[in-house]
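> Sharing a model that was predicted from the sequence below.
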Amino acid sequence: MVSSYKRATLDEEDLLDTTSDGVSPSSTMQVTLQRGLGPRCWAVRTPVERRLVLALCALSLALFICILTLGVHYRNTRPGLCLSEQCVSVAAAVTGALDRSVDPCRDFYSFACGGWVKKNPLPEGKSRWDPFNNLWEHNMAIMKDLLESTEKQSLSEAEEKAQRYYKACMNEATIEKLGAQPLQELINKMGGWALSGPWDKDNFQEVLRTASAQFRSSPFFTVFVSTDSKNSSSNIIQVDQSGLGLPSREYYLNKTANEKYLRAYLDFLVEVGMLLGGSEETSHTLMTEIVAFESALANITVPQEERRDEESIYHKIQARELATLAPAIDWMPFLRAVFAPVVLNDSEPVVLYATEYLQKVSQLISNTSKSTLNNYMIMKVVRKMVSILDQRFQDAEQRFLEVMYGAKKSCAPRWKLCVSDTDSALGFALGALFVKATFTEDSKTFAEDMVAEIKGAFEDSLKHVGWMDDETKKAAKEKADAIYNMIGYPKFIMDPKELDKVFSDLDVASDLYFQNVMHYYSFSGRVTADQLRKAPNRDQWSMTPPTVNAYYNPTKNEIVLPAGILQSPFYNHEWPKALNFGGIGVVMGHELTHAFDDQGRVYDKDGNLRSWWKNSSAEAFKQQTQCMVEQYSHYNINSESLNGKHTLGENIADNGGLKAAFKAYENWIWKHGKEAALPALGMTNHQLFFVGFAQVWCSVRTPESSHEGVITDPHSPSRFRVIGTVSNSDDFSKHFGCPPDTPMNPRRKCELW
């Protein structure tokens, strides 16, 4: 202790100097000992000195705590910049997509996406381009490598079938050699048609059964198996109106505005008829009759915006009653053929979603010539087969699509068509390969945690919904709690035995593409029939794992987020949380809100269609949604107004999803503190959240594609998915400092959830 004190204060020369000034060595030692021995030092202190020492110690401790607290507070309030490689990279991407010359309070879409639009002209052959398309192209390239891999030792039989299916699709030499022959033989087996000679056969019922059962072409109406909306524990036969040759009834009914599309469609059909052996004159006559018949079908088809009230269009009957409703169809032989080998009797329950349409289509069939009906049914089959025939047929279709969607002719490599078709036919076998190659369990855990945070934020907001009564709020929370999350992939695809069992009944050759497609149609029919009367299977997804999309299923009350979308630009675990919440978080919130949109809200927590709302809240809901119907109907693209009623469900989901994700992000900050900002952006992370959300929807489209979207798509165009939602968000206006009455901060805001 003595020597230590000496080293801290004095060296040898200092000690000698001190002694010469009259301080004896003994007195020096005494002071040293008193300072070095704690108890004796404290003992000689006066009471005042002791209190002063204690006070000084207390002040020192308080000062230390203050400094520590200020440091933590500074770190949380000024977290600095994220300078990791990922942060620098994404900052550059975000910055490059911006157009800072635009005031975000006047046009947030152009502010967030103006730079992206300038740098992303439409790729050749594309009618639209956006981050979804870009990510799908990325996923397809991965799937191509997996399908072409020669490593066989670890593949299941189902995965090998996917590779064989792809290989047969890529076998262009065989496809070109066969030409139109496979389809011509198929048509002959169905009884032929007027294209190749005189035709006057009384075989309407047989052709209808074959077209529907063997080739899933659905002429006149569509029949399928799905969950009974009013008994979600069982699958049931369902009947609905079917699609037309063009994307929407509007193309047929408004002939003046859509003349070029109708002409291109007719030209396409005529060319296909000639490729199948008909003369130009005969083909033109036959196809003109078909387009006229489709126009009559379009006239009785119910517009989608009039079909949103599912309670009003749901109609359960017994199969025998179909004969009275639509007598032009021989229903029991038809249903037995479609759902073979399941045994059906005329008491089988059937749900109709187009009762009036079925009555009218039966009358139309009765008043139309046998030849025209046959030509139409055969053409429905032919349209499904065009893309699997030789290049002449594909070129004919491409010329039609160029007019239909405004896409410039491209020389897209065949592998893209084959990857896409393999995903359609054996998507869960291919999905197993994709998941093993790209998807980590960390991503699944992250997604599950984030869904929980979004759900918690939604439920918290639910407490403050002023137009809803407490009893209905309680039931709504129970429904939100009960939503089941399906993340990444269905479990069975990771079990080779289970995966092989699913595809065991599908035969796939490695060199006969047309034959493989026919086998797939038969296989698909058997799978559908096998589901009848059984409980719905949660492992049966409507999207394959590589898909860049997500959905909500009301009869299962579940959210499905495939592995394909759990990637940038929607999610990256190394990005700031602001971008993840603004990207995949809004997607999650969107799907969750579908449980409470104008259609999803009528299903209860168990997935049953029933009235679980009090009448007062149901009426208030309709009044609240009218605001959105009017808001979006005032938007227009290329001088064409949007249909706010048709897009209502998606607009509700967009608005609710944005709000829930933002609140979840704020909750995350409250728990974890503010995160580091991205460099060079000059914006807060709250602002980054909204920019990240908007940039997911950056898009370019041809005018023709925009027109088709306005007519057919239940989603609003990308631009209005951004400005429609942020203009309803007080949080957006607050963080961007938008003055009242600016375009992005109108005084009247539409708010539901």
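Yep, it's here.
> For the stretch 1-150 of the chain, which segments count as strands?
Secondary structure of the stretch 1-150 of the chain (DSSP state E, counting those that start in this stretch): strands at 128-129.
> now swap in the chain and tell me
128-129, 221-228, 231-241, 315-318, 349-352, 484-488, 551-553, 558-562, 636-637, 640-641, 700-701 (DSSP state E).
> do you know which of the ones you listed lies nearest residue 594?
In terms of CB to CB, the element of the strands of the chain nearest to residue 594 is strand 551-553, at 3.8 Å. Where C-beta positions appear, they are placed from N, C-alpha and C, glycine not excepted.
> And that closest one, what does it pack against?
strand 558-562, helix 586-594 (3 or more CB pairs under 8 Å, 6 or more residues apart in numbering; DSSP states H and E).
> what lines up beside that strand in the sheet?
Strand 551-553 has its sheet partners listed here by DSSP bridges as strand 558-562 (antiparallel).
> deepest of the strands of the chain, which one?
Greatest average neighbour count among the strands of the chain goes to strand 558-562 (a mean of 24), per mean count of other CB atoms under 10 Å.
> Pretty sure residue 593 sits against residue 658.
No - assessed by CB atoms under 8 Å, residue 593 is found out of contact with residue 658, at 9.3 Å.
> picking that back up, I'd like to know which of the strands of the chain is closest to residue 147.
Of the strands of the chain, nearest to residue 147 by CB to CB is strand 558-562, at 18.1 Å.
> residue ranges with poor pLDDT in the protein?
Scanning the chain with the threshold set as pLDDT under 70 gives 1-45, 47-50, 53, 55-60, 62-79, 152.
> Map the structural domains onto the sequence of this structure.
Residue ranges for the domains of the chain, per automatic domain parsing: 2-77, 86-119+441-490+541-736, 180-226+234-388.
> how long is the second one end to end?
Between the opening and closing residues of domain 86-119+441-490+541-736 we find a distance of 25 Å, counting by CA to CA, to the nearest Å.
> quick one: it to chain centroid distance?
11 Å (CA atoms, centre = their mean, to the nearest Å).
> ok, back up a step: just send the helices and strands packed on strand 551-553 back as JSON lines, with distance to residue 443 too.
Shown next, in JSON lines, are the helices and strands packed on strand 551-553 (distance: least, CB to CB, whole Å):
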{"stretch": "strand 558-562", "distance to residue 443": "10"}
{"stretch": "helix 586-594", "distance to residue 443": "13"}
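> right, and the ones you listed - which one's nearest residue 608?
strand 558-562 (14.0 Å).
> which residues in the stretch 151-300 of the chain form helices?
157-170, 172-178, 181-189, 204-213, 250-253, 259-275, 280-300 (DSSP state H, counting those that start in this stretch).
> Next: the stretch 301-450 of the chain.
Under DSSP H, counting those that start in this stretch, the stretch 301-450 of the chain gives helices at 310-313, 322-325, 331-338, 355-366, 370-385, 391-405, 414-438, 441-462.
> Near residue 734, how many residues? Count them for me, please.
11 (other CB atoms under 10 Å).
> Kindly apply the preceding question to residue 420 instead.
Using other CB under 10 Å: residue 420 sits among 16 other residues.
> Identify the residues contacting it.
residue 140 (CB atoms under 8 Å, 6 or more residues apart in numbering).
> cool, the one 4 residues further on as well?
With contacts defined as CB under 8 Å, 6+ apart, residue 424 is in contact with no residue.
> Please report how far the closest residue to residue 416 other than its chain neighbours lies from residue 430.
With sequence-adjacent residues excluded and distances taken as CB to CB, 6 or more residues apart in numbering, residue 416 is closest to residue 140, at 6.1 Å. Distance from residue 140 to residue 430, counting by CB to CB, to the nearest Å: 11 Å.
> Name the residue in these two with the higher neighbour count.
Per other CB under 10 Å, whichever of residue 140 and residue 430 has more neighbours is residue 430, with 28 against 17.
> Quick one: residues contacting that one.
Contacts of residue 430 by CB under 8 Å, 6+ apart are 143, 146-147, 159, 162, 422-423, 544, 546.
> and stretch 249-260, how far out from the chain's middle?
30 Å.
> buried residues in it?
Within stretch 249-260, the residues that count as buried by 16 or more other CB atoms under 10 Å are 249-252, 258.
> would CSV of those with distance to residue 487 be doable?
Formatted as CSV, those follow (distance: CB to CB, whole Å):
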residue, distance to residue 487
249, 37
250, 38
251, 39
252, 42
258, 42
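> and the two most separated of those residues?
249 and 258 (10.8 Å).
> out of the helices of the stretch 151-300 of the chain, nearest to residue 481?
Nearest of these (CB to CB): helix 157-170, 35.8 Å.
> Residue 371: what's it in contact with?
Residue 371 neighbours (CB under 8 Å, 6+ apart): 194, 199-200, 289.
> ok, which pair from those residues is furthest apart?
200 and 289 (14.6 Å).
> about what we covered before: among the helices of the stretch 151-300 of the chain, which is nearest residue 418?
Short answer: helix 157-170, nearest of these by CB to CB, at 3.7 Å.
> Sort out which residues of that closest one are buried, please.
For helix 157-170, using 16+ other CB under 10 Å, the buried residues are 158-159, 161-170.
> So what touches it?
So helix 157-170 is contacted by 147-149, 152, 155, 174, 414-415, 417-419, 421-422, 425-426, 428-430, 432-433, 496, 499-500, 502-504, 506, 508-513, 516 (CB under 8 Å, 6+ apart).
> That helix to helix 414-438, inter-axis angle?
Angle, helix 157-170 to helix 414-438, by axes from the mean of the first three to the mean of the last three CA atoms, to 10 degrees: 160 degrees.
> how distant is helix 157-170 from the center of its chain?
27 Å.
> Now restrict the contacts of helix 157-170 to buried residues only.
Buried among those (16+ other CB under 10 Å): 147, 155, 415, 418-419, 421-422, 425-426, 428-430, 432-433, 499-500, 502-503, 506, 508, 510, 512-513, 516.
> Residue 621 contacts residue 467, doesn't it?
Yes - if you go by CB under 8 Å, residue 621 and residue 467 touch, sitting 7.3 Å apart.
> Between those two, which is the more surrounded one?
Between residue 621 and residue 467, residue 621 has the larger neighbour count (other CB under 10 Å), namely 21 against 13.
> what about the residue nearest to that one when sequence neighbours are not counted, neighbour count?
Spatially, and ignoring its direct neighbours in sequence, residue 621 is nearest to residue 601 (6.9 Å; CB to CB, 6+ apart). Neighbours of residue 601 under the rule other CB under 10 Å: 24.
> With residue 576 instead?
Residue 576: 22 neighbours (other CB under 10 Å).
> Spit out the contact partners of the closest residue to it other than its chain neighbours.
Residue nearest to residue 576 in three dimensions, not counting chain neighbours: residue 675, with 5.5 Å by CB to CB, 6+ apart. Counting by CB under 8 Å, 6+ apart, residue 675 touches 79, 82, 576-578, 669, 685.
> So which of those residues is the closest to residue 293?
The nearest one, if we look at these relative to residue 293 and count by CB to CB, is residue 578, at 54.6 Å.
> My guess is that closest one contacts residue 683. True?
No - between residue 578 and residue 683 there is no contact under CB under 8 Å: 9.7 Å.
> More neighbours: which of these two?
residue 578 (27 against 20).
> quick one on the thing from earlier: distance check, the residue nearest to residue 416 against residue 421.
From residue 140 over to residue 421 (counting by CB to CB), the distance is 11 Å.
> likewise residue 698?
29 Å.
> Then residue 735?
For residue 735, the distance to residue 421 - CB to CB - is 45 Å.
> Name the nearest residue to residue 91, sequence neighbours excluded.
Leaving aside its sequence neighbours, residue 91 is closest to residue 678 (4.0 Å, by CB to CB, 6+ apart).
> Now that that neighbour has come up, it's in contact with residue 84, right?
No - contact criterion CB under 8 Å: residue 678 and residue 84 do not qualify, at 10.2 Å.
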